[in-house]
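Participant: Output the structure for:
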Amino acid sequence: MPELLKALLVSASLGALLGLERQWSGERKKPQSEALAGARTFAVWAMLGTLCAWFSQHQHPAFFLLGFAGMFALIALTTYRRAAHEREAGLTTGAVGLVTYLLGGLVLSGQVKTAVVVAISLVVLLASKERLHALSRKFSRMDVYHALQFAAVTGIILPLVPDKPYGPYGAFNPHTIWLMVVLVSGLGFLGYVAMRVFGEGRGLAMTGLLGGLASSTATTLAMSRQSREMPETGRACALAVTLACTIMLARVAVLVGAISIPLLGSLAPWLLLMAVPGLAFSLANRDSFLSARSGPESPKEVRNPLSLRVAIQFALLYALIVLVVRWASATFGGAGVYLASFLSGLTDLDAISLSLSQLASAGGIDLPDATRGLLVAAGANSLLKLGLASSLGGTTMRAPVSIVLAATAALAALAAWLA
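Facilitator: This next block holds a predicted model:
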């Protein structure tokens, strides 16, 4: 079979697939109306792209460009007349039509796999219109603003900032500092998005599971308050806090692994040991998690982690901790690292995790010292949340959470001693 004929068949098939989706979408929206373009029209557009590409190769190189310009003019005119008649301007079908023409050119140039992937991706994207619209309504205008602002600033700053150490002990590397901000904010944003997608009424257990990705400390505060205001939810609040604190250990592993695989290999067994109390309590109360269907709103303290102000605050905190750790290590040796880790763990576990991982990766601190420092920081963080739950939580929540977090902190101390 001639190559041109094969390309035409493939192009027509991909165009018909896209046209069917557009036709079905139009019929669902207005059953009695005629779609702007259906399977036949899209198949013809794809074949037109293939033929124009062939003529560009064998007759004149301007054929494909002229064909695209003609397609654009035809679609623009049709869309304009339809909008004037029906008072609505749907641009999606026209845009997909232009892409279909380009797919025809891709097929003739031998990029069949790429054309197939693009076509299938388009079908999935177009068919997900209702779900995407429903998802977008879960986010506020400020959420979108923060995400766009952070993406823009990160895309501009990260490639431009110098990748050199500055200041005392060479502790300040602008590129590394901003890279850590991107990493921790991105991971926190995943948890934030998950909380938005799953909704605020899926139960306290789901809130704790997702809250561990966003902020386990904020989750502990919110659940402690909830257990005091509604004592009957104390057991569920305890499960939420336990899940958040356990997920926090996995979060530390991800942050460390993104910077230093050797440090992760040294730290992972001890993190698993620390997770045993939380996992045991969660498994013992798994029925509460599976049956949870409604609950209070997600923690109000958990804000969108892509706020530029929050990112700058974290960058300053990260840089300060790197300086303190290097100073303490140079002045007091390993004992100074442990003191800095303990104090940092009381405020922010992410910053000390990234700081020690970066130092270990660059050879600025020994692997055993970095491992023990992270275990000390994790233990201090567990003690902080133990104090929050004990002082702010209701009676039914206080006992189980105190047992779990005390056991976690004790195992962290044991792990730091053994490591």
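Participant: According to the record, where do the domains of the chain fall?
Facilitator: 3-134, 138-418 (automatic domain parsing).
Participant: Could you list the buried residues of the helix or strand harbouring residue 251?
Facilitator: Assigned by DSSP states H and E, residue 251 belongs to helix 234-259. By neighbour count on 16 or more other Cβ atoms under 10 Å, the buried set for helix 234-259 is 234-249, 251-253, 255-256, 258-259. The C-beta positions use only the backbone N, C-alpha and C, and glycine is treated the same way.
Participant: now the helix or strand just after that helix and helix 234-259, what's the angle there?
Facilitator: With elements assigned by DSSP H and E, the helix or strand that comes after helix 234-259 is helix 261-284. Per axes from the mean of the first three to the mean of the last three Cα atoms, to 10 degrees, the angle that helix 261-284 makes with helix 234-259 is 170 degrees.
Participant: elements contacting helix 261-284?
Facilitator: helix 234-259, helix 349-362, helix 367-392, helix 395-418 (3 or more Cβ pairs under 8 Å, 6 or more residues apart in numbering; DSSP states H and E).
Participant: Format those helices as CSV; extra columns: mean pLDDT and distance to residue 71.
Facilitator: Formatted as CSV, the helices and strands packed on helix 261-284 follow (pLDDT from 0 to 100; distance: least, Cβ to Cβ, whole Å):
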stretch, mean pLDDT, distance to residue 71
helix 234-259, 86, 45
helix 349-362, 84, 50
helix 367-392, 88, 58
helix 395-418, 90, 63
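Participant: which one of the ones you listed lies closest to residue 50?
Facilitator: helix 234-259 (44.1 Å; Cβ to Cβ).
Participant: quick one: the closest one to helix 367-392, angle?
Facilitator: Using the same axes, to 10 degrees, helix 234-259 lies at 160 degrees relative to helix 367-392.
Participant: what angle sits between helix 234-259 and helix 395-418?
Facilitator: Using the same axes, to 10 degrees, helix 234-259 lies at 30 degrees relative to helix 395-418.
Participant: Please shift the residue numbers so they start at 299 in all later answers.
Facilitator: Yes, from this point I'll number from 299; that puts the last item at helix 532-557.
Participant: Output the contacting helices and strands for helix 532-557.
Facilitator: helix 472-496, helix 502-512, helix 514-527, helix 559-582, helix 584-589, helix 647-660, helix 665-690, helix 693-716.
Participant: what pLDDT does the residue in the chain sticking out farthest from the centre get?
Facilitator: In the chain, residue 357 marks the outermost C-alpha relative to the chain mean, sitting 48.9 Å out by Cα atoms, centre = their mean. We have a pLDDT of 83 for residue 357.
Participant: For it, what are phi and psi?
Facilitator: The phi and psi values for residue 357, taken as degrees, to the nearest 10, are phi -120, psi -70.
Participant: From residue 701, how far out is it?
Facilitator: 81 Å (Cβ to Cβ, to the nearest Å).
Participant: got it, and residue 407?
Facilitator: 65 Å.
Participant: Repeat that for residue 465.
Facilitator: Taken as Cβ to Cβ, the span from residue 465 to residue 701 is 44 Å.
Participant: The two: who's more crowded?
Facilitator: residue 701 (15 against 12; other Cβ atoms under 10 Å).
Participant: now that one, nearest residue through space, not along the chain?
Facilitator: residue 575 (7.6 Å; Cβ to Cβ, 6 or more residues apart in numbering).
Participant: again, but for residue 699
Facilitator: Here the residue nearest residue 699, using Cβ to Cβ, 6+ apart, is residue 687, at 4.4 Å.
Participant: Might you report the residue contacts of that neighbour?
Facilitator: 518, 521, 522, 539, 695, 696, 699, 700, 703 (Cβ atoms under 8 Å, 6 or more residues apart in numbering).
Participant: still on that earlier bit, closest one to residue 621 among the helices and strands packed on helix 532-557?
Facilitator: Nearest of the helices and strands packed on helix 532-557 (Cβ to Cβ): helix 647-660, 9.3 Å.
Participant: so that closest one versus helix 559-582, what angle?
Facilitator: Using the same axes, to 10 degrees: helix 647-660 against helix 559-582 is 150 degrees.
Participant: Just the buried residues of helix 647-660, please?
Facilitator: 647-659.
Participant: Stretch 681-688 too?
Facilitator: Per 16+ other Cβ under 10 Å, stretch 681-688 contains these buried residues: 681, 682, 683, 684, 686, 687, 688.
Participant: Tell me the gap between it and the middle of its chain.
Facilitator: 28 Å (Cα atoms, centre = their mean, to the nearest Å).
Participant: Please save the CA atoms from that stretch in CSV.
Facilitator: Extracted C-alpha coordinates of stretch 681-688, given in CSV (Å, rounded to 0.1, in the frame of the first residue of the first chain):
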residue,chain,number,x,y,z
LEU,A,681,6.8,16.4,70.9
LEU,A,682,5.4,19.7,69.7
LYS,A,683,2.3,18.1,68.3
LEU,A,684,2.0,16.0,71.4
GLY,A,685,1.9,19.2,73.4
LEU,A,686,-0.7,20.8,71.1
ALA,A,687,-3.0,17.8,71.3
SER,A,688,-2.6,17.4,75.0
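Participant: Return the most buried member of the domains of the chain.
Facilitator: Most buried of those, by mean neighbour count (mean count of other Cβ atoms under 10 Å): domain 436-716, with a mean of 20.
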